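Requesting a structural model of the entry that follows:
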Amino acid sequence: MTAAAPPVDPSLVDDAVAIATEAGALTLQWFAAEGLEVHTKGDGTPVTAADKAAERRVRELLSVRHPDDAVLGEEEDDVDGTSGRRWIVDPIDGTKAFTRGVPLYATLLAVIDEHGPAVGVIDLPALGHTVWAGRGRGCFLDGRPTGVSDRREPTECVLSTSGYSWWPDESLLAVKHAGFQLRTWGDGYGYALVATGAIEAMVDPEVSLWDLAPMPVILAEAGGRFTDAAGHDLDLRPGAQVSGVATNGLVHDRVLACLGR
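As a prediction, this is how the structure comes out:
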């Protein structure tokens, strides 16, 4: 039997929360601002000055507090490290929502160490809420312990996603006919809802690693379950295109079956 990974240092959790919330607060300078310029990157996704400023702030703070750690982010080049630890940042998860004045975007920050996912933070700047977890330290909403719901019947459960246009038709129909209540509270916000018991499942069929890096430890510490759409652990390799399924654990296999596992 493989030994359980050790609990993460609480000071590392505190650092991650502080860095994510400082970067998230910075985005509010541009949120719902008139004349916000939106540029299109080479991959077709939008980017704003807020995305760039928030990630720059995360990297500046890490260069001082954890200079030997590697950093992977959406807007800047990777930084190699020597400590065996890696930070993964998505400065604005839900940039499309951000550019339209929708307050459900998130600043995401994760720490991966030699044992795997160690810390995850979902900061929701425009809502004034933060969900975070450290391996072996529990999951919290604004400093209060939180956890997943105990609902198990699909007809009583809400399944959310960032959008249905990426879903295979057969998977979408299977989820619908299973009886799940379907919503689109997407991006990091949807995963925060699962971790805090507001809904029971969140699915993203195809996203990037920085969109999901905080979720394995957050869902595990909240008492739920997180895998990719095939039921495997999240692929943590840089550049990986990944999928995500987060649930309260009680409906996880049912959701995976609908997705064609």
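
any idea which element the nearest residue to Leu127 once chain neighbours are set aside lies in?
The shortest distance from Leu127 to any non-neighbouring residue, by Cβ to Cβ, 6 or more residues apart in numbering, is to Pro103 (5.7 Å). For every residue, glycine as well, the C-beta is placed using N, CA and C. Under the assignment given by DSSP states H and E, Pro103 is not contained in any helix or strand.

State the number of residues packed around Pro103.
Pro103 has 16 neighbours, counted by other Cβ atoms under 10 Å.

Ala126 is in contact with that one, correct?
Yes: Pro103 is within contact range of Ala126, at 3.4 Å (criterion: Cβ atoms under 8 Å).

Need the residues touching each of the two.
With contacts defined as Cβ atoms under 8 Å, 6 or more residues apart in numbering, the residues shared by Pro103 and Ala126 are Phe31.

okay, and for this structure, where does confidence drop off?
Confidence mapping of the chain against pLDDT under 70 gives the ranges 1-2, 261.

at 80 what do you get?
For the chain, applying pLDDT under 80 flags the ranges 1-3, 239-240, 261.

Please, where are all the helices along it?
Here the chain has its helices, by DSSP state H, at 10-27, 49-65, 95-99, 169-178, 187-195, 209-212, 215-221, 252-258.

Kindly compare burial across these and name the winner.
helix 187-195 (a mean of 29; mean count of other Cβ atoms under 10 Å).

List the residues that contact Ala240.
By Cβ under 8 Å, 6+ apart, the residues touching Ala240 are 208-209.

distance of it from Ala178?
Separation of Ala240 from Ala178 (Cβ to Cβ, to the nearest Å) stands at 28 Å.

quick one on the thing from earlier: so can I have a markdown table of the helices of the chain showing distance to Ser83?
Putting those into a markdown table (distance: least, Cβ to Cβ, whole Å) gives the following:
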| stretch | distance to Ser83 |
| --- | --- |
| helix 10-27 | 11 |
| helix 49-65 | 11 |
| helix 95-99 | 30 |
| helix 169-178 | 40 |
| helix 187-195 | 26 |
| helix 209-212 | 19 |
| helix 215-221 | 18 |
| helix 252-258 | 33 |
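
out of the ones you listed, which comes closest to Val203?
The minimum distance between Val203 and the helices of the chain falls on helix 252-258, with 6.8 Å, by Cβ to Cβ.

name the helices or strands packed onto the closest one?
helix 169-178, strand 201-208, strand 225-227, strand 241-247 (3 or more Cβ pairs under 8 Å, 6 or more residues apart in numbering; DSSP states H and E).

One more pass at 6 Å, please.
Applying 3 or more Cβ pairs under 6 Å, 6 or more residues apart in numbering; DSSP states H and E, one finds that helix 252-258 contacts helix 169-178.

how far off strand 201-208 does the helix it packs on point, in degrees?
For helix 169-178 against strand 201-208, the angle by axes from the mean of the first three to the mean of the last three Cα atoms, to 10 degrees is 170 degrees.
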